[in-house]
Structure formats: structure tokens, C-alpha cells
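> test case, fold it:
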Amino acid sequence: MKTTYPTQRRDFLKQLGLSAAAFPFLAGLPGIRSLGAAEAQGGRKRVIFMFSPNGTIPWEFWPETEGSDCEYKRILKPLEPWRERTMILNNVCNQVRGDGDSHMRGMSCLLTGTELFPGNIQGGGGSPAGWAKGISIDQELRNFFQSSSDTETRFGSLEFGVAVPNRADPWTRMSYTGPNQPVAPIDDPRRMMEKLYGKVEDRENLVGIVDSVREDLRRISSRLASEDRRLLDEHLELVHELEQELAREKAQGELVHPVPDIDPRIELVNDNTPRISRIQIDLLVNALANDMSRVASLQYMRSVGQARMNWLGVEEGHHSLSHEPDDNEDAVEKLNKINEWFCGELAYLVERLAGTPEPGGEGSMLDHTTVIWLNELGKGNSHTLNDIPFILVGGEKATGFRMNRHLKMPEKTAHNRLWLALAHSMGHHIENFGTEKFCEGGPIDLG
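Predicted structure coming up:
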């Protein structure tokens, strides 16, 4: 969907005689955004989709009881400090069937809620398929926000990755701009920095973004409101810190994960993947704080991925472990460690949002953001698409959803209805999303 970023802002920045490189640092400031745009009552609304693969360990994930007094099991313990902002949503299922294996449909139908095209990508059990037949909910919301100058942003959506292998198939893609149009996440922080801030002269070391614009920004600083000056200083400081961090990581070794030539089906994840994850999260929060986008995704690895998480003491491939029987205590313990780590990264993302004041508004960014943690399967060794882990974290003012509870929906509630509820909470009152028959009953009531 083609958009034109509000011309009043562009014209104002051009009149200041600024270089194009300064635009990313200024365009999202509340004082600049107010030119030609009026925020809806209640301020900005944002959504982040965070994906981790290969199912969970149900008895270490789902609380025993419903309501606000439920006890968090081991995997969800990192979210304990944020339980008042958290909703654990049970019995939500991916009912999409048809072409492809469960991993393929679990991944590429997760955000689209519709079937895969027939294709020649061979799935497990002799089930070939192609790409998804429809748009994903993140891109649907992107288009909705981009359709109005009040909510239009520079990018519309941003797709972050962590250790996503360099291959394109239904196991690696969850975002779609439309039928047969998958969106590849960016899993190299250097490439994401370049997307957000443009190319720099010293591209190899990615140093100099801040230096190249500092004089421009110093010249106009006096013309900015005090709040805008504060936000600009914070933005510059964080980008400078990330520049230095990426330079250090570059000196120590490659940031991207390698794929061995001998067997491209196995991904070897760098031991510095946890650091890459934190850099990506910092970049994501910073981009949203500066209103470069209001929709983002953060994809860890891929469905059926064989990431070997050495930093957790796990040498086996993730997917292979997820296929082990429930009585294999060693495999279950390692899968618990893996899922705890993913939850810990979610908790860090939430902490960063909560610790960042809402630009030009009240409260923190978390008050105006909904983060949804999801998976393509409910349980790895059964390949079930039932009881998929859906965790929502955020501010009630962002969606109107009532948090601080474990909510059990009626058995096998279609996840299309969750995406309807999310769209409605953002002001996008669509009647159907994905396959129409799975929308019967309308949006899930999460109020």
C-alpha cells in the first residue's frame, strides 16, 4: 500500500535546511508530528508480535486456575513482575487446515488466519504447500494506520528477526502483505540500523550516523520545544550507544548466525545471539518511541528450526528436542530452559517499554502498546494447533482488554476471532479476517 508521509512535516524540515540524514531523528517528535495530524483521543496505539517456535511444555506453561490469582508456572515466571499487565489466553486454536504440514500452517497461517496455496514446498508427511492466501494481521493493521495522516508513520511496520535463517519458505515467514507476498524479517542489527537511519560512509563498521547529523540538529535545537529537545537527546544517545555496541560486536565476530555448508537444514546460532536479541529489542523500542512505526514483529528463529542454544547448555537442535516423548526428562528440562529464555526476552521488551515515557503523552510506552507472544504449535511432539500459547502484555488503555488474568476461552476458539478483537481495539472495525467461517461469533470479548 503506497503512502505519502504528511507533507506538512516534510516541508517544515526542508525549510529548516536539514539534510535527509537528520529526518529520522526529528520526524517522530511530538512537536513535529503535530503538524497536519491530530492524535485520536487517548493517544497512540501500538502492537508488537513476538514469535518463538516449536511449541511449549503445557504443564510448565499454563496456570492451573483462571483469574487474577493464578500461579505462574516455570516458563512464565519471568513475567511475574508484569502480571498486572499480562493476560494468559488459553484454548485459542489455529483451525486452518488444507495444504502443508502443521508446522507450515502453524507458521504461515498464524497471523494470516487463512489457508496456504497448493505448492511444491514439501512438508512433513508428504504434505506440499505454497505461501499463504491472505494478508497477515500485522500488515492489515499497518495498512489501516497508514491510511490516515493522523496515524501514518515513516515505515508503517517493522519486521525484526533474531537468528532467522537465510531461506524463504512457509516455515520462515509469518508476515504477508497479501496473497503470495511474504515479508522477510531483518535479523542483522546492522541492516536494521541502515534501514532506520540510512547508509553511512563507514558502512563496514557502521560508525558515524550520529556524527553526520549532530551539527544539523544542534542548529535547530533552540527551535524545538523542551520536551522535543529531551526526546531528541535521548534518541541520539541511544543510537550512539548502539553504534558503539555494533562496532564492538563486529570486532569480536560476525553478528549474523552461520549455516553450515555440510547440512543447510541445521542452523547454528552464535553464542552472542542473546546480545543480538537485546540490540534488536533496543532498536525496536527506539524506533517505536520515535514514531517510525506503530506495528512491529520480532521473530525468533523459525518453525522446525534446529537452533542449538549453547548459552543455555543446550547442544541439541530445538526442533529435534521438541519431538522427544514426554518421559524424556532431559529433553523436557532443556525445552523448559529454551522457553524460559524466550519469556525472559519478552520480559526485557516489556521492561524497556515500561521504562520509556510515552512521547508527547501520559504514562509509559507500555501503557499505549500491546505485545503478543505467540507460537506456531501448542505442543511440539504432537504438532497440535490447539491451545497455542497466546500471551498479551500491555496497557489496558491501548486496547480496552482487561489484563492481570488467566482466561480460558471455550474449547477450540478460532484464533481469527482474536485478530478481530485486536483490530477492533485499534479502531479497525472489520467484520472478518482470514477465512470467514473461522470468524463466526465475532471478536473475542476480552473486556
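> grab the most central residue of this structure for me.
residue 297 (2.2 Å; Cα atoms, centre = their mean).
> and the longest strand for the protein?
In the chain, taking DSSP state E as the definition, the longest strand is strand 405-414.
> surely residue 70 touches residue 64?
Yes - using Cβ atoms under 8 Å, residue 70 is in contact with residue 64, at 7.1 Å. For glycine as for every other residue, the C-beta is placed from the backbone atoms N, C-alpha and C.
> where along the stretch 251-400 of the chain do the strands fall?
293-300, 369-374, 390-394 (DSSP state E, counting those that start in this stretch).
> what's the weakest-modelled helix or strand in this protein?
Here the helix or strand of the chain ranked lowest by mean pLDDT, DSSP states H and E is helix 7-15, holding a mean of 60.
> immediately after it, which helix or strand?
Using DSSP states H and E, the helix or strand that follows helix 7-15 in sequence is helix 23-26.
> got the contact list for that following helix?
13, 18, 32, 154, 196-198, 213, 217, 232, 235-236, 239, 290, 292 (Cβ atoms under 8 Å, 6 or more residues apart in numbering).
> next one: the nearest residue to residue 130 once chain neighbours are set aside from residue 99, what distance?
Distances taken as Cβ to Cβ, 6 or more residues apart in numbering put residue 119 closest to residue 130, at 2.5 Å, once the chain neighbours are dropped. Residue 119 is 7 Å from residue 99, where distance means Cβ to Cβ, to the nearest Å.
> now do residue 430
25 Å.
> so for the two, which residue has more residues nearby?
Of the pair residue 430 and residue 99, residue 99 is the one with more neighbours under other Cβ atoms under 10 Å, namely 19 against 14.
> wait, doesn't that one sit right on residue 121?
No - in this structure residue 99 lies outside contact range of residue 121 using Cβ under 8 Å: 9.5 Å.
> which neighbours do the two have in common?
With Cβ under 8 Å, 6+ apart as the test, residue 99 and residue 121 both reach 128, 129, 130.
> residue 109: which of those is nearest?
Nearest to residue 109 among these: residue 129, at 10.0 Å, using Cβ to Cβ.
> which residues does the closest one form beta bridges with?
Taking DSSP bridges as the rule, residue 129 bridges to residue 121.
> residues contacting it?
Applying Cβ under 8 Å, 6+ apart, the residues near residue 129 are 98-101, 104-105, 116-119, 121, 123, 170.
> buried subset of those residues?
99, 100, 101, 104, 105, 116, 117, 119, 121, 123, 170 (16 or more other Cβ atoms under 10 Å).
> and these, which two are the farthest apart?
101 and 117 (14.6 Å).
> next, residue 157: secondary structure please.
strand (DSSP: H, G, I helix; E, B strand; the rest coil).
> just residue 49 next, same as before
strand.
> same for the helix or strand hosting residue 242, what does it pack against?
Applying DSSP H and E as the criterion places residue 242 in helix 226-252. Under the contact criterion of 3 or more Cβ pairs under 8 Å, 6 or more residues apart in numbering; DSSP states H and E, helix 226-252 touches helix 23-26, helix 30-33, helix 189-197, helix 209-220, helix 273-289.
> so which of those helices is nearest residue 399?
Between these, helix 273-289 lies closest to residue 399; by Cβ to Cβ that is 15.8 Å.
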